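K.L.:
Sharing a model prediction with you, sequence too.
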Amino acid sequence: MAELIGRMPVEQLPLADCLGLVLAEDVVAPISLPPFDNSAMDGYAVRAADIAGAPVELPVADDIPAGKTDLKHLAAGSAHRIMTGAPVPPGADAVIQVELTDGGTATVRVNSAVAEGANIRRAADDVRAGDTVLTAGTVLRPAQLGLLAALGFAALPVRRRPRVLVLSTGSELVEPGHRLLPGQIYESNGLMLATAVREAGGEAKLLRFVPDDVVEFHAALAPHLRSVDVIMTSGGVSAGAYEVVKDAFTGRGVEFTRVAMQPGGPQGAGRYGGVAVVTLPGNPVSAQVSFEVFVRPALLASMGHTVVERQMAQAALTSAITSPLGKTQFRRGAYDPESNQVVTPVGGPGSHLLSALALSNCLIEVPEDATELPAGSTVTVRMLM
Ligand code: AMP
Ligand code: MG
């Protein structure tokens with residue numbers, strides 16, 4: 001699946017759009033941080049030698065709020081009132097915090113001495129201009145984005161988000177908010193899969209009510225072919241009649257197969273019109289589990305992530321489960337990291353049991369050769385959060 005989707009191209013994106021994306025190049029600091037010596041306190045810039053004999057009284061010759069750009073030289077025997085983050089004036093070698101003075105504006109009485117350099121944050125204390133601050137492959141979280149904004153970057157080289165067309169098929173599907181007729185159900189896969197794409201960092205375009213009709217399916221798909229990197233369908237791939245996705249794509253670059261897993265047996269993948277295609281089964285739990293196992297890692301890899309798998313853990317089952325021979329089973333579970341790493345199966349194996357999935361925080365992975373797992377067995381769980 002990762003080879004099918006490939007790597008997204010590198011683009012310069014505004015910082016605000018880069019959350020969760022991966023730096024494509026090393027970043028060299030264009031400036032130092034802090035860019036200039038500045039005050040760590042609200043107080044007075046002084047020469048340490050002038051207040052060595054404190055208490056002393058000094059004339060206040062200037063006022064330096066943060067952001068002041070034209071600085072006067074600090075004359076010997078005087079003080080400049082200064083705020084946190086404001087540049088330390090030439091001639092000063094220390095800041096005395098306001099709490100150790102009377103806070104005066106014309107003259108100030110200084111009650112304590114401080115050492116040379118006190119309360120000054122030196123230029124380049126944090127980052128030196130020319131240093132590599134972050135390397136290619138770094139995932140951009142708020143702290144990294146904050147640092148890069150502080151260094152003055154407006155845009156960053158990142159692999160862009162994959163654009164995924166999430167297309168749900170089924171003539172029985174109705175838009176939530178409308179009335180159901182007997183035999184109809186609300187469309188849920190589209191919303192679930194589109195939000196899962198976004199959670200993984202991709203962009204999702206949602207096309208929800210494509211009927212089980214090949215002509216209509218192609219008509220719905222055609223306008224989007226040029227603007228997406230991945231087509232991800234749900235439904236219409238199993239063994240019945242009216243399998244619209246299978247009918248529409250068979251012989252056109254998409255292979256359909258049965259995977260030895262439960263849920264999520266019927267799957268298809270390939271390329272159509274130059275676009276990567278993944279066809280997920282229609283049962284909601286099958287669709288979501290298939291996304292987790294096959295699609296999510298591939299989407300992350302396409303953005304340049306190296307950690308693409310969920311966190312895994314070992315846990316002891318609180319109750320017995322059975323599993324079909326020859327299939328990897330993904331059961332929904334509630335993992336409790338606090339009470340000695342145990343996991344409780346939630347609901348049965350049925351792939352229509354969406355509420356059980358909603359009450360779970362992990363998938364319990366039962367290997368192909370295991371058929372009976374008594375309570376207390378150690379299993380591998382795939383965390384979903
Ligand atoms: P299918 O593979 O199309 O036969 O679908 C299998 C089951 O999943 C059927 O019960 C469908 O009604 C249901 N299903 C398919 N697509 C969706 C969807 N988008 N939202 C909710 N249920 C769906
Ligand atoms: Mg269907």
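P.N.:
Sure thing, it's come through. Ligands and ions are numbered 1, 2, ... in the order given.
K.L.:
So E292 sits against R382, correct?
P.N.:
Yes - contact criterion CB atoms under 8 Å: E292 and R382 qualify, at 7.2 Å. Yep, even glycine has a C-beta here, placed from its N, CA and C like the rest.
K.L.:
list residues touching both of the two?
P.N.:
R310, F330, L363 (CB atoms under 8 Å, 6 or more residues apart in numbering).
K.L.:
What residues does the stretch 151-300 of the chain have near ligand 1?
P.N.:
By CB under 6 Å from any ligand atom, the residues of the stretch 151-300 of the chain that approach ligand 1 are 168, 170, 172-173, 185, 187-190, 234-238, 281-284.
K.L.:
Restricted to strands, list those.
P.N.:
S168, L173, I185, S234 (DSSP state E).
K.L.:
contacting residues for the first one?
P.N.:
Spelled out, that is S168. E187, N189, G190, L193, L207, R208, F209, V210, T233, S234, G235.
K.L.:
Which pLDDT does the model give V342?
P.N.:
V342 is assigned 95 on the pLDDT scale.
K.L.:
List the beta-bridge partners for it.
P.N.:
A316, D336 (DSSP bridges).
K.L.:
Surely it is in contact with S319?
P.N.:
No - using CB under 8 Å, V342 is not in contact with S319; the gap is 10.0 Å.
K.L.:
quick one, which of these two is more surrounded?
P.N.:
A count of neighbours by other CB atoms under 10 Å puts V342 above the other of V342 and S319, at 17 against 11.
K.L.:
Next, find the distance separating that one from ligand 2.
P.N.:
Distance of V342 to ligand 2, given as CB to the ion, to the nearest Å: 37 Å.
K.L.:
what about burial for the residues of the stretch 151-300 of the chain next to ligand 1, which qualify?
P.N.:
168, 170, 173, 187-190, 234-238, 281-284 (16 or more other CB atoms under 10 Å).
K.L.:
Among those residues, which lie within helices?
P.N.:
Using DSSP state H, N189, G190, P284 are the members of these that sit in helices.
K.L.:
Confirm for me that the last one is in contact with H352.
P.N.:
Translated: P284. Yes - assessed by CB under 8 Å, P284 is found in contact with H352 at 6.8 Å.
K.L.:
Low-confidence stretches in the stretch 251-385 of the chain?
P.N.:
For the stretch 251-385 of the chain, not a single residue meets the criterion pLDDT under 70.
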